[in-house]
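Student: Show me how the following folds:
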Amino acid sequence: MELMIMPMAIVAWEWIIIVLVILLLFGGKKIPELMKGLGKGVKNFKEGMREVDNDVKEIHDEIKKPSEEKESKSE
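Tutor: Numbering: from 1, shown residues only. As a prediction, the model looks like this:
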């Protein structure tokens, strides 16, 4: 029987070690500040993605609008 090792699979005891290392490096007081900063970063990233999506839609509508006007004039 072969032992199957899944790459990038993190089991519970590995998470415990990761959490302990983070606690040792940053201390209990800094972790909430780090998480707050991480949350703000994720929020800003989502807002940026939303803005890019809106810009792309606006450009698509601007490009599509003149072609629709040409089609209606030719009829």
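
Student: List the buried residues in stretch 29-37.
Tutor: The neighbour-count criterion (16 or more other CB atoms under 10 Å) identifies no buried residues in stretch 29-37. Bear in mind the C-beta positions are built from the backbone N, C-alpha and C, glycine included.

Student: Name the surrounding residues that touch that stretch.
Tutor: By CB atoms under 8 Å, 6 or more residues apart in numbering, the residues outside stretch 29-37 that reach it are 22, 23, 26.

Student: from the middle of its chain, how far away would it be?
Tutor: With CA atoms, centre = their mean, to the nearest Å as the basis, stretch 29-37 stands 19 Å off its chain's centre.

Student: One more: stretch 52-66?
Tutor: In this view, stretch 52-66 has its centroid 23 Å away from the chain centroid, taken as CA atoms, centre = their mean.

Student: any idea of the mean pLDDT in it?
Tutor: Mean pLDDT, stretch 52-66: 90.

Student: In CSV, please show the C-alpha coordinates belonging to that stretch.
Tutor: What follows is stretch 52-66, C-alpha atoms only, in CSV (Å, rounded to 0.1, in the frame of the first residue of the first chain):
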residue,chain,number,x,y,z
VAL,A,52,-12.1,48.1,-12.7
ASP,A,53,-15.2,46.0,-13.5
ASN,A,54,-17.3,49.2,-13.7
ASP,A,55,-14.7,50.9,-16.0
VAL,A,56,-14.6,47.9,-18.3
LYS,A,57,-18.4,47.9,-18.5
GLU,A,58,-18.5,51.6,-19.3
ILE,A,59,-15.9,51.3,-22.0
HIS,A,60,-17.8,48.3,-23.5
ASP,A,61,-21.0,50.3,-23.5
GLU,A,62,-19.3,53.3,-25.2
ILE,A,63,-17.9,51.0,-27.9
LYS,A,64,-21.2,49.2,-28.4
LYS,A,65,-23.3,52.4,-28.5
PRO,A,66,-21.8,53.9,-31.7
